[in-house]
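Engineer: Make a model of this:
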Amino acid sequence: MSDNVKLKDTQAQPDYREIDIDKVGVKDIRYPIAVLDKKNETQHTVASINLYVDLPRQFKGTHMSRFVEILNDHRREISNKNFEEILMAMKEKFGASTAHLEVEFPYFIEKAAPVSKATGLMEYTCRYSGSLASKMDLILEIAVPVTTLCPCSKEISERGAHNQRGIVKVSVRLGEFVWIEDIIETVEGSASSPVYSLLKRPDEKYLTELAYDNPMFVEDIVREVSINLDAMNGVKWTRIEAENWESIHNHSAYAFIERA
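Structural biologist: Residues are numbered from 1 along each chain as shown. Sure thing, here's the model as predicted:
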């Protein structure tokens, strides 16, 4: 085929059904990114990325390759500091009214054990979800593992109390920059005790006793997290889920709060 031959732009052809599409784009692009890190400035990780724009009724399709081009332009840093810049680029490149960007990635924090100070890496699943129409909307979601000890079990038992690991999933609507680490620290401080990747025996003793002195239902956790997040600057709205994988019951315990 000659280089001078113009290829037909099928996507730009009219569509007779005249139906607007709210979101059209690409999903599950696995991509290396750099995320702002409070301790180390940046952290390199691999994200699963979704990009969408709206499609007016007069067009048959959109140009999917343009999403990847935009991603290539911004891959070196993706954070709540430049989400609006990326979304604006999407709107301009596609001539769209709205743009959406979702970035999910594992984030690692080096944590020192409470007594031995042995260090290990803890993994947290994070997700930025941004939309831009007339104004910017950005939500940060983080899943934080925690330990809980049952207040009822402690109250009625003569020897010990049952405890379990759980997960707290927090979503916050951001009004200004907030560190991922600060939200994680807030959530961990609202549970019976944090979870660590590496512990020695003195650490196990310390954390077991810490949890025993700080019993929590899932109801307690979501309330504590809600109060503590409300006190953070830059947080405008919260959605909090707590799930305990019960150690002596054949079910999980669950609680949910959403607050503007």
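Engineer: can you give me the strands in the stretch 51-200 of the chain?
Structural biologist: 99-112, 119-132, 136-149, 163-174, 193-194 (DSSP state E, counting those that start in this stretch).
Engineer: Tell me the spacing between Asp203 and Ser193.
Structural biologist: To Ser193, Asp203 is 11 Å away according to Cβ to Cβ, to the nearest Å. (C-beta placed from N, C-alpha, C; glycine too.)
Engineer: scratch that, Glu204
Structural biologist: With Cβ to Cβ as the criterion, Glu204 and Ser193 are 11 Å apart.
Engineer: out of Asp203 and Ser193, which sits in the more crowded spot?
Structural biologist: For the pair Asp203 and Ser193, the greater number of neighbours falls to Ser193 (23 against 18), based on other Cβ atoms under 10 Å.
Engineer: just checking, that one touches Pro215?
Structural biologist: No. If you go by Cβ atoms under 8 Å, Ser193 and Pro215 don't touch, sitting 10.6 Å apart.
Engineer: Quick one: the helices in the stretch 151-260 of the chain, in order.
Structural biologist: 151-156, 180-188, 201-212, 218-230 (DSSP state H, counting those that start in this stretch).
Engineer: okay, the ones you listed in a markdown table with distance to Leu71 and mean pLDDT next?
Structural biologist: A markdown table is the format used below for the helices of the stretch 151-260 of the chain (distance: least, Cβ to Cβ, whole Å; pLDDT from 0 to 100):
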| stretch | distance to Leu71 | mean pLDDT |
| --- | --- | --- |
| helix 151-156 | 47 | 93 |
| helix 180-188 | 21 | 95 |
| helix 201-212 | 41 | 96 |
| helix 218-230 | 30 | 94 |
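Engineer: Now render those as CSV, adding distance to Tyr124.
Structural biologist: Formatted as CSV, those follow (distance: least, Cβ to Cβ, whole Å):
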stretch, distance to Tyr124
helix 151-156, 26
helix 180-188, 6
helix 201-212, 18
helix 218-230, 15
